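>>> Below is the sequence, then the predicted model.
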Amino acid sequence: LHYIFFELIKNSMRAVVERHGPDAALPPVEVVFAEGIEDIAIKISDKGGGIPRSGMDRLWSYSFTTAGGTAEKIERNKAGDKRPVMAG
């Protein structure tokens, strides 16, 4: 569970920074725990823009990502693009 939560929160933070920019006042990533009698629900929400509908059918595939290519982002950054480079 530790690994899963780490990845989900990391993905949320990456999406928020990429959507709003590193110099903006960033909206929070919210984590809510709700305890039931026999179970627990965990909700992680952000203002990162979400997953496009075209990606929904692959959402649970192991290698699916919306992060894009980190190598391309690094090259754009070297060319003067100041958007954040955050690996997925």
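Here it is on my side, so go on. Numbers count the residues shown, from 1 in each chain.
>>> in the protein, which residue is closest to the centre?
Nearest to the mean C-alpha position of the chain, by CA atoms, centre = their mean, lies residue 11 at 2.6 Å.
>>> could you say which helix or strand contains that one?
If you go by DSSP states H and E, residue 11 is part of helix 2-20.
>>> now swap in residue 37 and tell me
In the assignment (DSSP H and E), residue 37 maps to no helix and no strand.
>>> what number of residues lie near it?
For residue 37, the tally of surrounding residues (other CB atoms under 10 Å) stands at 4. From N, CA and C alone the C-beta is placed, and that goes for glycine too.
>>> show me the contacts for the residue nearest to residue 40 when sequence neighbours are not counted.
Distances taken as CB to CB, 6 or more residues apart in numbering put residue 33 closest to residue 40, at 6.4 Å, once the chain neighbours are dropped. Counting by CB atoms under 8 Å, 6 or more residues apart in numbering, residue 33 makes contact with 40-42.
>>> Dump those to TSV, plus neighbour count, pLDDT and distance to residue 52.
Converted to TSV, those look like this (neighbours: other CB atoms under 10 Å; pLDDT from 0 to 100; distance: CB to CB, whole Å):
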residue	neighbour count	pLDDT	distance to residue 52
40	8	95	30
41	9	96	25
42	12	95	24
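>>> Narrow these to those in strands?
40-42 (DSSP state E).
>>> closest to residue 23 among the residues you listed?
Residue 23 has its nearest neighbour among the ones in strands among the contacts of residue 33 in residue 42, at 30.9 Å by CB to CB.
>>> Which strand residues bridge the closest one?
Bridge pairing for residue 42 (DSSP bridges) gives the partners residue 33.
>>> which residue sits closest to residue 31, ignoring its sequence neighbours?
Residue 31 sits nearest to residue 44 (CB to CB, 6+ apart), 5.3 Å away.
>>> for residue 34, same thing?
Closest to residue 34 by CB to CB, 6+ apart is residue 41, at 4.4 Å.
>>> Would you check how far apart that neighbour and residue 29 are?
Counting by CB to CB, to the nearest Å, the separation of residue 41 from residue 29 is 17 Å.
>>> How about residue 80?
29 Å.
>>> between those two, which one's more packed in?
Regarding residue 80 and residue 29, a neighbour count based on other CB under 10 Å identifies residue 29 as having more, with 18 against 6.
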